[in-house]
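Trainee: okay, structure incoming, though there's no sequence with it:
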Ligand SMILES: [Zn+2]
C-alpha cells in the first residue's frame, strides 16, 4: 500500500519535473540515485552528505551535513516523508524518495527567487491598512470601485495588488468565455512562478483544486469577507494557516480553465456573494508615498502608524 502510494507521488512529481525544466536546479538535473545500500541508517558517503545538505536547506533539523546517516538524518527523512503524505521510519531512502527531496528543494529555490524579485519590484511601496472611517477621507468618491484600465501595470494603481503584473481583465467585464457572460474577478497577468502575496491578514479556509479555478486558495478575513486566488501553479500556504500581509499564498500559473498564466482574484462578502475586488482592495490596502521628511507627514501616513 505504502509503495503504491509512493509510486503515485512519483508519477505526479515526474510530470511536475518535466514541466518545470526551466528552473535552475533542473538545469543540472536531479543528482543520480546512488543505490539503496548507500542511503540507509549507518551508511557514510558523499550521497548522504548531498541529501543532508538538501534537507538542511529545506529546513529539516540536521546539525551538519557530515555524510553520516545517523539518528538526526533518520528523523529528518521520516519527517520529510510525513510532510509529503507518507509514513516511513526514515531508515532508508529509495530512488523515488531521493527524487522527491531534490524536487522539493528545487521548488523551494524557485519560490525564494521569485520572492526576492517581488521584494525588488515593490520595495518602494508603503502600504497603509485602512479602517472603514479612513476610507471616506482617503478615496475620492468618484474613484471608489472604479476598475483599472486594461493593460495597466499593478504598480501604477494606488492600492496594493496580491501580485505584480498587468491587468488583463476587470470585474464585470463582458465576455463569452465566462460563466454568466460576466467576469466575476480581476485578472492580473504575470509569468508562471510569480509570487502571490496576501495583502490583508486572513486565514486559509480552502486550499485545493476547484474545477474552473484550478489550484485555488481562499482566505477568510476578520470581517467575514473572503478573497480567492485561482489558477496557481503551486499552493504555498496550507489550510488553517493565518497569513499576514506580505506572506506568500502561492505561485502564478495556468491551472483550471484559463487561456494563459495569470492570477484570477475575486472577493466575496460575508454572505458569500461576489463583490467588486477593487472596492475591497481600495478600502484596505492603500499605497502611500514613503515619508521623506517626518515633519511633513500626510494624514494617510499618520493613519499607517495607528
Ligand atoms: Zn479571471
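Mentor: Received, thanks. Remember, predicted model here, so these are calculated numbers, not experimental data.

Trainee: SS state for the residue nearest to residue 97 when sequence neighbours are not counted?
Mentor: Of all residues not flanking residue 97 in the chain, residue 81 sits nearest, at 6.8 Å (Cβ to Cβ, 6 or more residues apart in numbering). C-betas here are computed from N, CA, C, even on glycine. With DSSP: H, G, I helix; E, B strand; the rest coil as the basis, residue 81 sits in helix.

Trainee: per-residue confidence for residue 81?
Mentor: Reported pLDDT at residue 81 in the predicted model: 93.

Trainee: what sits against it?
Mentor: Neighbour list for residue 81: 87-88, 90, 97 [criterion: Cβ atoms under 8 Å, 6 or more residues apart in numbering].

Trainee: closest to the ion out of the residues you listed?
Mentor: Nearest to the ion out of the contacts of residue 81 is residue 97 (Cβ to the ion; 37.9 Å).

Trainee: and the closest one, which helix or strand is it part of?
Mentor: helix 95-122 (DSSP states H and E).

Trainee: partners of the helix or strand following that helix in the sheet?
Mentor: Next along the chain after helix 95-122, taking DSSP H and E as the criterion, comes strand 126-129. Sheet pairing of strand 126-129 (DSSP bridges) gives strand 285-288 (antiparallel).

Trainee: tell me how far the strand it pairs with lies from the chain's centre.
Mentor: Here strand 285-288 is found 22 Å from its chain centre; the criterion is Cα atoms, centre = their mean, to the nearest Å.

Trainee: picking up where we left off before, which of the contacts of residue 81 fall in helices?
Mentor: Secondary structure from DSSP state H places residue 97 of the contacts of residue 81 in helices.

Trainee: and the contacts of residue 81 as JSON lines, adding neighbour count, distance to the ion and pLDDT?
Mentor: Converted to JSON lines, those look like this (neighbours: other Cβ atoms under 10 Å; distance: Cβ to the ion, whole Å; pLDDT from 0 to 100):
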{"residue": "87", "neighbour count": "9", "distance to the ion": "39", "pLDDT": "88"}
{"residue": "88", "neighbour count": "18", "distance to the ion": "40", "pLDDT": "92"}
{"residue": "90", "neighbour count": "20", "distance to the ion": "43", "pLDDT": "96"}
{"residue": "97", "neighbour count": "22", "distance to the ion": "38", "pLDDT": "93"}
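
Trainee: against the ion, how distant is residue 185?
Mentor: 5 Å (Cβ to the ion, to the nearest Å).

Trainee: near that residue, how many other residues are there?
Mentor: Neighbours of residue 185 under the rule other Cβ atoms under 10 Å: 24.

Trainee: same check on the one 3 residues further on?
Mentor: Under the neighbour criterion other Cβ under 10 Å, residue 188 is assigned a count of 24.

Trainee: note down every partner strand of the helix or strand where it lies and its orientation.
Mentor: In this structure, residue 188 is located in strand 186-189 according to DSSP H and E. Strand pairing for strand 186-189, determined by DSSP bridges: strand 166-169 (antiparallel), strand 262-268 (antiparallel).

Trainee: off-centre distance for it?
Mentor: 16 Å.

Trainee: show me what counts as buried in the helix holding residue 97.
Mentor: Under the neighbour-count criterion of 16 or more other Cβ atoms under 10 Å, helix 95-122 has 96-108, 110-111, 114-115, 118, 122 buried.

Trainee: how about stretch 148-163?
Mentor: Per 16+ other Cβ under 10 Å, stretch 148-163 contains these buried residues: 148, 154, 157, 159-163.

Trainee: using CSV, lay out these together with pLDDT.
Mentor: Listed next are those as CSV, based on pLDDT from 0 to 100:
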residue, pLDDT
148, 92
154, 90
157, 89
159, 88
160, 88
161, 92
162, 95
163, 93
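
Trainee: and the residue of the stretch 201-306 of the chain closest to the ion?
Mentor: residue 264 (3.3 Å).

Trainee: pull the number of nearby residues for that residue.
Mentor: 25.

Trainee: also residue 133?
Mentor: 9.

Trainee: state the pLDDT value of it.
Mentor: 72.

Trainee: assign a three-state SS to it, would you?
Mentor: Put simply, residue 133 is helix when judged by three-state DSSP.
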